[in-house]
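Peer 1: just a sequence and a predicted model for now, questions to come.
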Amino acid sequence: MELKRHAEQPLYEQLEHWLRAAIRDGRLAAGARLPSSRGLAAELGISRGVVTAVYEQLAAEGYLDTRQGAPVRVAQAVRAQPPRPPAPPLTPQFAYDFTPGLPDLAGFPRERWLRSVRVAWRETALAAIGYGDPRGASDLRETLADYLGRVRGAAADPEHLIVCTGFRQGLALTCRWLRASGVDRVALEDPGWHAQRLIVEDAGLQVMPVAVDRDGIDVAALQRSGADAVIVTPAHQFPSGAVLAAPARAGLIEWAERGDRLIIEDDYDAELCHERVGSLQGLAPDRVLYIGSASKRLTPGMRLGWMLTPSWLSWALISAKAIEDAGSEVAGQLALADFIARGEFERHLRRMRLRYQERRAKLLAVLARELPSWRPMKTGTGDGLYLTAVLPDHLDEPALLAAAARRGVGIEGLSLHSYTGGCPPGVVLGHGYMAEPAIQRGIELLAKAAATL
């Protein structure tokens, strides 16, 4: 063992870490005798006090046996641990990643965000960074309420706004409340985002698939489903891209009011669409629970979302949030409040909206050239973060996904988001994450994969 006398790490930490690692990996076996503190200190050229302190620390942790008048030994209970290989990622990594819903991470405005982080820590009162309101920081709730009212047409009251870690947590809290309240069936759009189904089923609720057409969810079919709650993406349906038409909006609200039912609105990526439609919650705030997040608008890793709850449901969800985690991470909330207040949030969304339109146009052009038999769905606003294409009948969707993965191209099949299996074979291609040259190369590789089938 060599101690680095001029390293930043103190000598006693170097010795402690070396001995602990040697015991763990078996270089010092159980029962092995160690030099006396005086002998090891002389051998290493350090003070005896350093060695004594290290021995005492490792004995306290259970690695060493130290007894008066007896030599220091490695504890018999210690077992050598084989070296662990690096942990592989849980999700596959692709050179060309068409994951739908993944925004342009390189476009995240780091410097502007850092300015908001510095302002938040410099100007925030101490009380704001303690155990605060489980609904979230008041500055963010006030700022978000103003933004959602102006931009999304929501009836936003800060008193009934809850900051959460994203759409998933907001929906999970709501589904658990529904189950505890005696609801057993929840309607979902079919096709629809598969994570919604997983969250609903995890809460012990039965999924009732309801078909989606060019005008959004089929309200007549919803009425026949027997569900007491429904999850919809009215502004930009995933994965069809449909916008809920005005008659369907009116019918959906009437369905909720007549049966004392709940509508859960997933505001997926509405601000990133060129033709923006106001939120459904603004039409019926006592029947609609609105959930949005920073995942598509800024970055998923921020883990920040928000819920606008009906007044009669607020306390139940606030209590559930307080029990689950006592409130979301505060630093990001305070930074986001400043980011929105300074207008940076809306400026960023304008930049991204134009960028995503350009990338979508590139994707369509390359698809038309390389895969002309694939039919892009042309419903709704026709933009946002993804594009869905229907495959030719002869092309097997699972085989295509596997062949694409072997070439480093990650795509999602339309069947993943179909609950009844009634969808034609297709793929959902996200165009937000990659720059235009990467989009072109990825589609070229995808075309080669399709040719092998």
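Peer 2: Yes, it's here.
Peer 1: for residue 116, give me its contacts.
Peer 2: Listed by CB atoms under 8 Å, 6 or more residues apart in numbering, the contact set of residue 116 reads 335-336, 338-339, 342, 344. Heads up, the C-betas are built off the backbone N, CA and C, glycines and all.
Peer 1: try 6 Å
Peer 2: Contact analysis of residue 116 by CB atoms under 6 Å, 6 or more residues apart in numbering lists 335, 338-339.
Peer 1: so which of those comes closest to residue 45?
Peer 2: Comparing the contacts of residue 116 against residue 45 with CB to CB places residue 335 closest, at 49.3 Å.
Peer 1: returning to that earlier point: which ones among the contacts of residue 116 map onto strands?
Peer 2: When the contacts of residue 116 are checked against strands (DSSP state E), there are no matches.
Peer 1: where helices are concerned, which of those residues count?
Peer 2: Mapping the contacts of residue 116 onto helices (DSSP state H) picks out 335, 338-339.
Peer 1: give me the neighbour count for residue 71.
Peer 2: As a burial measure, residue 71 scores 11 neighbours (other CB atoms under 10 Å).
Peer 1: neighbour-wise, which of the ones in helices among the contacts of residue 116 leads?
Peer 2: Compared across the ones in helices among the contacts of residue 116, residue 339 has the highest neighbour count, 27 neighbours, by other CB under 10 Å.
Peer 1: surely it is in contact with residue 346?
Peer 2: No - taking contacts as CB atoms under 6 Å, residue 339 lies outside contact range of residue 346: 9.8 Å.
Peer 1: for the stretch 301-450 of the chain, just list every one of the strands.
Peer 2: 305-308, 375-376, 386-390, 409-410, 412-413, 426-430 (DSSP state E, counting those that start in this stretch).
Peer 1: no no, the stretch 1-150 of the chain
Peer 2: 64-65, 73-74, 96-97.
Peer 1: return the most buried member of these.
Peer 2: Of the strands of the stretch 1-150 of the chain, the one with the most neighbours on average (mean count of other CB atoms under 10 Å) is strand 64-65, at a mean of 20.
Peer 1: contacts made by that one with the rest, please.
Peer 2: 58, 72-73, 75.
Peer 1: now with 8 Å, please.
Peer 2: Strand 64-65 has contacts (CB under 8 Å, 6+ apart) with 34, 55, 58-59, 72-76.
Peer 1: next one: it to chain centre, how far?
Peer 2: Averaging C-alpha positions (CA atoms, centre = their mean, to the nearest Å) puts strand 64-65 45 Å from its chain's average.
Peer 1: equivalent analysis for stretch 427-436, please.
Peer 2: Counting by CA atoms, centre = their mean, stretch 427-436 is centred 17 Å from the centre of its parent chain.
Peer 1: for stretch 166-179, same thing?
Peer 2: 15 Å.
Peer 1: where exactly do the helices run in this structure?
Peer 2: For the chain, the helices identified by DSSP H occupy 11-24, 37-44, 48-61, 110-123, 138-151, 167-180, 194-202, 219-225, 246-258, 314-325, 330-341, 344-370, 397-406, 436-451, in order along the chain.
Peer 1: any buried residues in the longest one, and which?
Peer 2: Neighbour-count burial for helix 344-370, with 16 or more other CB atoms under 10 Å as criterion, is recorded at 344-345, 348-349, 352-353, 355-357, 359-360, 362-363, 366-367, 370.
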